[in-house]
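Undergrad: Prediction below, plus the sequence it came from.
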Amino acid sequence: MNTQGAHSSEFRLLAMPLVLFLLVFLGFPAIVNLIYSVSDVSFETLRQPRITGLSNFAAVWNDRAFWQASWFSFRFGALTALLECALGLVLAIFLSPLIERRSWLMAILMLPLMVAPALVGLMYRLVLHEFAGPVPYYLWAWFGTSVSFLGPTSAFWTLIVVETLQWTPFALLLFYMAYRAIPTEIVEASAMDGARRWHLLWYVELPLMAPTIVVALLIRFIDGFRVFDNVYVLTGSGPGGSTASLSIYIYEAFFKQGAIGKAVAASVILFAVSFAVLYGLNFIASRRKGALR
Amino acid sequence: MINALRWLVFAIAALAMNFPILVTLVTSFKSARELSTNPGLWVQAPTLDNYLAVFQVSDRLNIFLYLLNSITVALIGTTLAVALALPAAYAIARGRLGERTLLPFIVNLRAVPLIIFAIPLYMMFQWLALLDTRLGLGLILSIVNLPLALVILVNAIRDLPGELDEAALMDGANRRQILLRVIAPVCRPAIVTSLIFGFITAWNEFLFGLMLTTSKAVPITVGASFFFAASGGGVQWGVASAVMVVGALPPVLLGLIMYRQISGSMTAGAVKG
């Protein structure tokens, strides 16, 4: 477009409100984060932080709970992403002939996506409650035994199931759209060549869906990694901090322990790592796009 | 035969994924007495008492306030996000401004754990007296909504033919006029989609509601958890269920009515993001 030069100042003016907004509400907090992370600061000395160097980072680095929370977040993100995508893929392909003709079926499957994760977490407090919850009730009625779902041994897996059941619809929806978008000519041509159903799926359809699968895995990993709402209302940081995600770790360091320096230093670490990983991924993605052209 | 199997799989999947919603709905119609003997999935004597109790305002709990707060902050967070994103999207799509800087940064925001901004925002809000205000929470929710709104709008504008702008430029219109009179009307479906999507996201947000509000501006996601705080005799599960039904209803209804647009934009946001 050759209007670029003449109108660039007009365009700049149009983008300005957004940029200013981001500078105030993200730029300023980021600077505060950086300053406080190298300062000795408490709720009494909020306005006069004393710069002390890297002691906050050392405190985080040496905190077992920080590494425990990082490990929880990573495992939680990876496991839920894999489970959600595997389930979503199978369901999307297997149910596609049903949904094609009756789109309201998809609306039913998508329902959990509309409910706040915090509310879903609270709902599971009822579902799993030892006296009021139907799951323990039916387990007792049918098997004469029940499980302490939120106890130390099962809490982690309960949380995995809770997250997976709520977000599998997201993967399912993405995969269903990608599956439906496969051109029928390709499928027909392969069928003409005598490809059997399984071969068609494995060698033609799944490779065509591969980009969507990668994106879904990535999104679900990220959302699992930064999980807060449902875990917070179900188990909090759990017995011995066993179900504290990084988000919960930072929240509790700040609000429960008042350890501002530690919370802020952990935020800065998370900030740096997240953006490094994300920009790395963007870089790889743009390189691959370039190669395809 | 295989179709029967498909229906079976569908029924199991739908039941499993919607199970907590179903249980909550059923429980909300049970009296406390029935619940103590029958935690199962059916209701013997349905009652509306739990809903009446929920809408009973006490000095500790006020559901009307929580709902009003949620509506207000969701509206602020949604309209502000779209108002900021639309002109920027136009500049990005047509002026190719910030295509490699602003756009990827904001798209990445969708993936960053937002807790990293929460603590300085908390302090900043304390200085600005924005803690526990609807305006404050609404401002932050607009940041949460920005990435998807921007992606949806940039894609929508990119899909429009450039001749649209050229013709208006010939007529002597400037870019701001073109945006308001030509682009915005044509992009109405995309704008509506980002508004609806933003409203649902903002309504369902929990972390910032928890951190930035304490009493006056508490949204329903946080307020609902107040009903779980035992008041003497343990949690009243019937009442707590009714609260959750009320709190989940607006986004669910909105989602069911608009689910075609939503499914489309979810895919767009995912693939381009």
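TA: Yep, that arrived. Residues are numbered from 1 along each chain as shown, chains lettered A, B, ... in the order given.
Undergrad: where does chain B have its least confident helix or strand?
TA: helix B:259-272 (a mean of 64; mean pLDDT, DSSP states H and E).
Undergrad: Just to check, B:Tyr122 is in contact with B:Phe208?
TA: No - the criterion here is C-beta atoms under 8 Å, and B:Tyr122 misses it with B:Phe208 at 9.4 Å. C-beta here means a position set from N, CA and C on the backbone, and glycine is covered the same way.
Undergrad: Name the residue of chain A that lies nearest to chain B.
TA: A:Phe11 (3.1 Å; C-beta to the nearest C-beta).
Undergrad: and that residue, what helix or strand is that in?
TA: Element membership of A:Phe11 [criterion: DSSP states H and E] is helix A:4-22.
Undergrad: thinking again about what came up before, looking at B:Tyr122 and B:Phe208, which one has more neighbours?
TA: B:Phe208 (26 against 17; other C-beta atoms under 10 Å in any protein chain shown).
Undergrad: Now do that one against B:Pro46, distance only.
TA: According to C-beta to C-beta, to the nearest Å, B:Phe208 stands 37 Å off from B:Pro46.
Undergrad: And A:Val115, by the same measure?
TA: According to C-beta to C-beta, A:Val115 and B:Pro46 sit 22 Å apart.
Undergrad: With A:Phe21 instead?
TA: Using C-beta to C-beta, A:Phe21 is found at 49 Å from B:Pro46.
Undergrad: Likewise for B:Ala168?
TA: In this view, B:Ala168 and B:Pro46 are 60 Å apart by C-beta to C-beta.
Undergrad: Likewise for B:Leu256?
TA: According to C-beta to C-beta, B:Leu256 stands 23 Å off from B:Pro46.
Undergrad: and if you look at B:Ala93?
TA: The spacing between B:Ala93 and B:Pro46, counted by C-beta to C-beta, is 53 Å.
Undergrad: what do you get for A:Val161?
TA: A:Val161 sits 30 Å away from B:Pro46, going by C-beta to C-beta.
Undergrad: do B:Val222 as well
TA: As judged by C-beta to C-beta, B:Val222 and B:Pro46 stand 29 Å apart.
Undergrad: Have a look at those two and say which one is more surrounded.
TA: Neighbour count, other C-beta under 10 Å: between B:Val222 and B:Pro46, B:Val222 has more, with 25 against 13.
Undergrad: Surely the more buried one and B:Leu210 touch.
TA: Yes - the criterion here is C-beta under 8 Å, and B:Val222 meets it with B:Leu210 at 5.3 Å.
Undergrad: mind listing the helices for the stretch 51-200 of chain B?
TA: Counting by DSSP state H, counting those that start in this stretch, the stretch 51-200 of chain B has helices at residues B:63-95, B:102-109, B:115-127, B:134-158, B:163-170, B:175-178, B:184-186, B:188-204.
Undergrad: Name the stretch from those that approaches A:Pro183 most closely.
TA: Among the helices of the stretch 51-200 of chain B, helix B:134-158 comes nearest to A:Pro183, with 21.5 Å by C-beta to C-beta.
Undergrad: packing partners for the closest one?
TA: helix A:4-22, helix B:63-95, helix B:102-109, helix B:115-127, helix B:188-204, helix B:207-212, helix B:259-272 (3 or more C-beta pairs under 8 Å, 6 or more residues apart in numbering or on different chains; DSSP states H and E).
Undergrad: so who does B:Val9 touch?
TA: Going by C-beta atoms under 8 Å, 6 or more residues apart in numbering or on different chains, B:Val9 touches A:Leu91, A:Phe94, A:Leu95.
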